[in-house]
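Enquirer: here you go, sequence then predicted model.
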Amino acid sequence: MAKRFKDPKDPLKLVIVRDMWLTGFDVPCLHTMYVDKPMRSHGLMQAIARVNRVFKDKPGGLVVDYLGLADQLKRAMADYTASGGRGKATIDKEKAVALMLEKYEVVCDMYHDFDYKPILKAQPNERMAGIAAAMEHILSLEDGKKRYLQAVTVLSKAFALAVPHEEIFRIRDEVGFFQEVRSALAKATAEGEGKTPEELDTAIRQLISKAIVSNEVVDIFAAAGLKKPDISIIAITFIPFYDDFRVIMNL
């Protein structure tokens, strides 16, 4: 899939991305991103850079924003500009890998006395049965569901930050399994639970953003009251080009 998407002549033109291709996935020919995922800080900066690579006569990246991220982008750019463009928009990859492995061990410890590895290569029906058994194991632990949901969430974020380090390939199948169990737990036991603070914050920002109506392409830097920064000093693996960045808000 990745090889096809990097080929501008391939008929594959649209991909729905949840996490992995939002940071560090370099496809210079990409020109448009449709955003329906809450992001902030360096994660937002890296995500929008996916469509802002230099490529032939492409004038710049275009972001179609369904959430109202202009305020978060303003904060991210203000932090970046205030810091002189150093250290805020990039990540120490080795620290990210160390954090990922630390959180991986935390989740593995929750599977003590439960051998989940045969499930990783099981057939679909056997895998489903294995996921159900894993759910029962987690729920049998003291405060198991809450601790597991939180631990896998943190692991998933650390895993995304560690891409494309070679360590991720060693544990990616296990992380995928952990995420499957987490998703099944969250769906099967969601009754009566409220939203997380992050979900509430996103909902509030969406309500506020609905007061803003735009039917034109705007210069996000001018709208945010910021000068276009010189970010050529950022590592080329993150954001090498910011010549003409534009955002369409609240379509």
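Expert: Now that the structure is in, tell me what you want to look at.
Enquirer: please count neighbours and contacts with C-alpha atoms only from this point.
Expert: Will do.
Enquirer: which stretches in the stretch 101-250 of the chain count as helices?
Expert: 117-120, 124-140, 144-162, 167-188, 197-209, 220-223 (DSSP state H, counting those that start in this stretch).
Enquirer: between those helices, which gets the lowest average pLDDT?
Expert: The minimum mean pLDDT among the helices of the stretch 101-250 of the chain belongs to helix 197-209 (a mean of 62).
Enquirer: returning to that earlier point: with respect to Leu22, which of the helices of the stretch 101-250 of the chain lies nearest?
Expert: Set against Leu22 and scored by Cα to Cα, those come closest in helix 144-162, at 8.8 Å.
Enquirer: name the helices or strands packed onto that closest one?
Expert: helix 93-110, helix 124-140, helix 167-188 (3 or more Cα pairs under 8 Å, 6 or more residues apart in numbering; DSSP states H and E).
Enquirer: which one of the helices of the stretch 101-250 of the chain is the most hemmed in?
Expert: The highest mean neighbour count among those, using mean count of other Cα atoms under 10 Å, belongs to helix 144-162: a mean of 19.
Enquirer: hmm, who's touching it?
Expert: Contact with helix 144-162 is made by 19-20, 23, 91, 93-94, 96-97, 99-100, 103-104, 106-107, 110, 138-139, 168, 175, 178-179, 182, 185-186, as judged by Cα atoms under 8 Å, 6 or more residues apart in numbering.
Enquirer: quick one on the thing from earlier: output the helices of the stretch 101-250 of the chain as CSV; include the columns distance to Val51.
Expert: Putting the helices of the stretch 101-250 of the chain into CSV (distance: least, Cα to Cα, whole Å) gives the following:
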stretch, distance to Val51
helix 117-120, 34
helix 124-140, 36
helix 144-162, 18
helix 167-188, 24
helix 197-209, 23
helix 220-223, 15
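Enquirer: tell me which of those helices lies nearest to Gln46.
Expert: Comparing the helices of the stretch 101-250 of the chain under Cα to Cα, the one sitting nearest is helix 144-162, at 10.5 Å.
Enquirer: quick one: the closest one to helix 124-140, angle?
Expert: Counting by axes from the mean of the first three to the mean of the last three Cα atoms, to 10 degrees, helix 144-162 lies at 120 degrees to helix 124-140.
Enquirer: just want the angle from helix 144-162 to helix 167-188.
Expert: For helix 144-162 against helix 167-188, the angle by the same axes, to 10 degrees is 140 degrees.
Enquirer: tally of neighbours for Asp36?
Expert: A count of neighbours around Asp36, defined by other Cα atoms under 10 Å, yields 13.
Enquirer: looking at the helices of the stretch 101-250 of the chain, which is nearest to Leu67?
Expert: helix 197-209 (5.8 Å).
Enquirer: now the helices and strands packed on helix 144-162 in CSV, with distance to Lys37?
Expert: Conversion of the helices and strands packed on helix 144-162 to CSV gives the following (distance: least, Cα to Cα, whole Å):
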stretch, distance to Lys37
helix 93-110, 22
helix 124-140, 27
helix 167-188, 17
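Enquirer: many thanks, have a good one.
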